[in-house]
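Asker: model this:
(one chain, ligands or ions: 2)
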Amino acid sequence: MEITSKLLPESDRKYSQIAGIKDLPFGQFRTDHMFLVDYKDGEWKNARIVPYGPIEMMPGAVSLHYGQTIFEGAKAFRHADGEIYAFRLDQNAKRMNVSAELICMQSISEELQVEGAMRLMDIDRKWCPDVPESSLYIRPFMFATEDALGVRPSREYKYCVILSPSGPYYAGGFNHSVRLLITDKYHRAVSGGTGASKTGGNYTASLKPGMVAKQCGASQVLYLDATNTYIEEAGAMNHFHIMKDGTVIIPEFTDSILRSITSISMIELLPTLGYKVRQERIAIKDFVAQIKSGDIIEAGGFGTAAVVSPVNEYVFDDGEILKVGNGEIGEHTRKIYEAYTAIQKGAAPDKFGWLKKVERY
Ligand code: PLP
Ligand code: COI
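Answerer: Ligands and ions are numbered 1, 2, ... in the order given. Down below sits the predicted model:
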C-alpha cells in the first residue's frame, strides 16, 4: 500500500525542544508527525504520515467502552555514524498481530507496519537523541473505532505509530536498582485470559497493584499466577534470575505472560557470552528459599522500555524484605546489560541481524 504524507513546514517542527537535555524523561516528548492507517469496509486503507495531533473518534467507539486496544513498544538508536537503527521492529509487528488475534482485532500487514514506522522515523530523524541511555521510543498501537455499543468485536479500527525521544524507563537508568512487591492479593492476568496480548486492559489491571507497590516502597509487583504458585512477570517486564553457577532463568512463557522480545533476544545472546539460559516454571516458594540460601545471586527484569533492570530487593505484604545477594547490582546483570546495549547502540557487532537502518526515503 502506498504511504502518503502531509508534513509540517520545517519552520513549525519542534525537535530543538530536546536539544541539550541530558536527562530525557521516558515517554513525555512527541515528535512532529505520526503514521495512521484506517480499517473500514473489510480493508486497511489510507496509510498516511501527518502532523502529530488529535484523532477524531465517535463517542460510541468500541475502544472507549470495552477497551479493544493493543499496543507495541520498540526502540531505535542513533549510532556513532549519525544514522538511526531500529531494533527488531519486525518482531514487534509480528507480535502486534498476535495481540490482535487474541482480542479479535484485525491483523495488519507486518511489512506496512515496519515501513510506516521507518518512514516516520526518517521524517522525524532529528528527534532521535544520542545522550547516554536514550533512544527514540516507537509506540505502534491499534484501537477499535466503530460506533457500536453491543459487546462484540469492532468492524473498524485505526492503526497508529507515534514516536517519543526518551531516556530510561526508571529514572536513574541501569544504576538504579528496583524493588518488587511479592503479594498474593493482585494479579495482572490469568490463564485463559489476555495476558499474552499487549492489550490496554492488562495495563489497566496493573494500575492499582502498581500503586500498592509504591506504598510499599517498591517500583512494581512481581506478579504470580492466579493460584499464587508460580512467578509470572515483573510489572511491565519479564522476570529473570541468575543462579550461583551463572545460569540465567526466565519464567516459561504461558498464556498469561507476554512473550518479551528482550527475553527472546537474551536467549540467543547469553550463550555467546558464556551463560547457560533456560525457561521454566518457577515456584515462588523455591525462589524465595533459593534467595535466602544464596543459590540465587542476582535478579531483574527484561523489557524494551526498561532494558535490563536489576532487582536488589523483594518486599512482602507484611513488610519483610528479602535482599538479593548483597543488595548491589551484580556483575552478571551488568555484563548482560552492557553486551545487549552495546549491540543496540552499534558499539558491538550486530551478529544476529537485529538492527535495521532507517533509510532516507
Ligand atoms: N511483560 C510485559 C507485561 C510488558 O508490558 C513488556 C513490555 O513490552 C514486557 C514484558 C517486555 O517485553 P519486550 O521485551 O518485548 O518489550
Ligand atoms: C515496553 O517495554 O516497551 C512496554 O511496552 C512497557 C510499557 C508499558 C512502558
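Asker: Pop the domain breakdown of the chain in here.
Answerer: 4-167, 173-344 (automatic domain parsing).
Asker: Between those domains, which one is closest to residue 359.
Answerer: Closest approach to residue 359 among the domains of the chain (Cβ to Cβ): domain 4-167, 6.5 Å. Any C-beta I mention is one placed from the backbone N, CA and C, and that applies to glycine too.
Asker: re earlier: out of the domains of the chain, the one nearest residue 350 is which?
Answerer: When the domains of the chain are compared by Cβ to Cβ, domain 173-344 sits nearest residue 350, at 5.7 Å.
Asker: Quote the end-to-end distance of the closest one.
Answerer: End-to-end distance for domain 173-344: 16 Å, by Cα to Cα, to the nearest Å.
Asker: just how off-centre is it within its chain?
Answerer: Here domain 173-344 shows a centroid-to-chain-centroid distance of 14 Å under the convention Cα atoms, centre = their mean, to the nearest Å.
Asker: does it come close to ligand 1?
Answerer: Yes: with Cβ under 6 Å from any ligand atom as the measure, domain 173-344 is seen reaching ligand 1 through 233, 236, 237, 238, 258, 260, 261, 262, 302, 303, 304.
Asker: Among those, name the buried ones.
Answerer: 233, 236, 237, 238, 258, 260, 261, 262, 302, 303, 304 (16 or more other Cβ atoms under 10 Å).
Asker: and those residues near ligand 2, which?
Answerer: Restricting these to those near ligand 2 - Cβ under 6 Å from any ligand atom - leaves 236, 303, 304.
Asker: so what's the first one scoring on pLDDT?
Answerer: This points to residue 236. The model reports residue 236 with a pLDDT of 97.
Asker: what's near enough to touch it?
Answerer: Residues in contact with residue 236 (Cβ atoms under 8 Å, 6 or more residues apart in numbering) are 203, 206, 220, 303, 305, 306.
Asker: So which of these are in helices?
Answerer: residue 203 (DSSP state H).
Asker: Can you flag the buried ones in the contacts of residue 236?
Answerer: Using 16+ other Cβ under 10 Å, the buried ones in the contacts of residue 236 are 203, 206, 220, 303, 305, 306.
Asker: from the chain, which residue is nearest to ligand 2?
Answerer: The chain approaches ligand 2 most closely through residue 73 (2.0 Å), counting by Cβ to the nearest ligand atom.
Asker: Isn't that residue up against residue 138?
Answerer: Yes: with contact defined as Cβ atoms under 8 Å, residue 73 and residue 138 form a contacting pair (7.3 Å).
Asker: intersection of neighbour lists for those two?
Answerer: Residues touching both residue 73 and residue 138 (Cβ under 8 Å, 6+ apart): residue 92.
Asker: Which one's more surrounded, those two?
Answerer: residue 138 (23 against 19; other Cβ atoms under 10 Å).
Asker: ok, now which ones touch that one?
Answerer: Residue 138 touches 72, 73, 74, 75, 76, 86, 89, 92, 117, 121, 161, 163, counting by Cβ under 8 Å, 6+ apart.
Asker: Just give the nearest non-adjacent residue to it, would you?
Answerer: The shortest distance from residue 138 to any non-neighbouring residue, by Cβ to Cβ, 6 or more residues apart in numbering, is to residue 74 (4.2 Å).
Asker: Show me where the stretch 1-150 of the chain has its helices.
Answerer: 62-66, 89-102, 110-123 (DSSP state H, counting those that start in this stretch).
Asker: Next to ligand 2 in this structure, residues from the stretch 251-361 of the chain, please.
Answerer: Residues of the stretch 251-361 of the chain lying near ligand 2 by Cβ under 6 Å from any ligand atom: 303, 304, 305.
Asker: check contacts around the last one.
Answerer: Counting by Cβ under 8 Å, 6+ apart, residue 305 makes contact with 26, 27, 73, 137, 166, 169, 236.
Asker: filter the residues you listed to the buried ones?
Answerer: 26, 73, 137, 166, 169, 236.
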